[in-house]
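In: Sequence plus predicted model, see below.
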Amino acid sequence: MDTTATTPKTTTGNMPLQLIDLSLEYPDGEGTIKALDSVDLAVGAGQVLSLIGPSGSGKSSLLAAAATLIRPTSGLVIIDGTTASDLNDSQMTTLRREKVGIIFQQPNLLASLTAVEQLMISDHLRGKPLKPAKVRALELLDIVGLADSAKKRPHQLSGGQRQRVNIARALMGEPKVLLVDEPTAALDHTRSESIVRLLVQVTKEFSVATVMVTHDTEFVSLTDSVASMRDGILALPELVGA
Ligand code: ADP
Ligand code: MG
């Protein structure tokens with residue numbers, strides 16, 4: 001492997017997700033709770049960062065701020081070069097739609113739709129042409145190992161398969177950033193491992209920057225780096241195995 005070629009890339013290269021001095025406070029009675037405390041983070045294209053830390057340490061808050069679902073109290077969220085805090089709400093929604101894929105613990109699929117329809121629905125609602133959407137949806141279902149399940153509805157799929165549909169759906173809009181909150185919380189060990197492996201695979205294949213919150217520290221070794229949170233403070237990411 002040519003390490004000289006890859007080293008500069010990780011330092012100066014493409015960082016689809018950057019958080020700079022990010023703080024987030026929630027109102028709490030008379031005072032406030034500091035969910036994020038001056039967090040700095042950059043995740044490169046094709047990299048999976050595992051985010052660990054105790055319950056209440058701010059992991060989901062970090063994902064919500066990075067996803068532009070909540071505005072931070074201070075600091076910057078930069079998605080694929082665009083600073084989210086410079087945008088109004090509708091511009092921010094567009095940025096999220098075009099650049100961010102979000103995967104939560106519960107797949108939240110629509111009960112009446114088949115797997116391929118779950119992937120096509122948002123293109124459909126936006127009035128985009130259906131033929132290319134279907135081609136891409138079938139391609140993605142193939143990539144996540146569900147080529148034979150395109151016509152199945154959620155109740156005909158296992159928990160692991162539903163999470164695979166969820167992952168494929170998040171990739172439909174060709175995101176630059178993938179934010180994943182406890183994707184394996186509802187799954188057994190074997191299925192959890194294969195979901196983490198799939199997230200790593202699609203991160204490389206589509207060159208997205210992925211942050212995965214996980215309580216399974218065991219699977220952290222499958223990802224590129226790990227950072228831990230405590231009381232809203234992020235300890236710097238370490239390269240896994242370094
Ligand atoms: P984690 O995902 O690591 O469990 P969270 O980001 O959910 O942590 O929570 C961080 C802190 O912020 C906790 O003290 C939690 O109680 C608080 N918190 C989270 N969401 C809200 C909210 N919507 N309103 C008020 N406090 C919140
Ligand atoms: Mg959480």
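Out: Nice, I can see it. Ligands and ions are numbered 1, 2, ... in the order given.
In: What parts of this structure come near ligand 2?
Out: Neighbours of ligand 2 within the chain, by C-beta under 5 Å from the ion: Lys59, Ser60. (Each C-beta comes from the backbone N, C-alpha and C, glycine too.)
In: Close to ligand 1: what parts of the chain are there?
Out: Residues of the chain lying near ligand 1 by C-beta under 6 Å from any ligand atom: Tyr26, Ile33, Ala35, Gly53, Ser55, Gly56, Ser57, Gly58, Lys59, Ser60, Ser61.
In: What count of nearby residues applies to the closest residue to the fourth one other than its chain neighbours?
Out: So that's Gly53. Excluding its sequence neighbours, the residue lying closest to Gly53 (C-beta to C-beta, 6 or more residues apart in numbering) is Met229, at 3.5 Å. By the criterion of other C-beta atoms under 10 Å, Met229 has 23 neighbours.
In: Now this structure against ligand 2: closest residue?
Out: Here the residue of the chain nearest ligand 2 is Ser60; by C-beta to the ion that distance is 3.2 Å.
In: tell me the mean pLDDT for whichever strand or helix holds that residue?
Out: Ser60 is part of helix 59-66, with elements assigned from DSSP states H and E. Helix 59-66 carries an average pLDDT of 97.
In: Quick check: buried residues in the very next helix or strand once past it?
Out: Following helix 59-66 in sequence order, the next helix or strand is strand 74-79 (DSSP H and E). Within strand 74-79, the residues that count as buried by 16 or more other C-beta atoms under 10 Å are Gly75, Val77, Ile78, Ile79.
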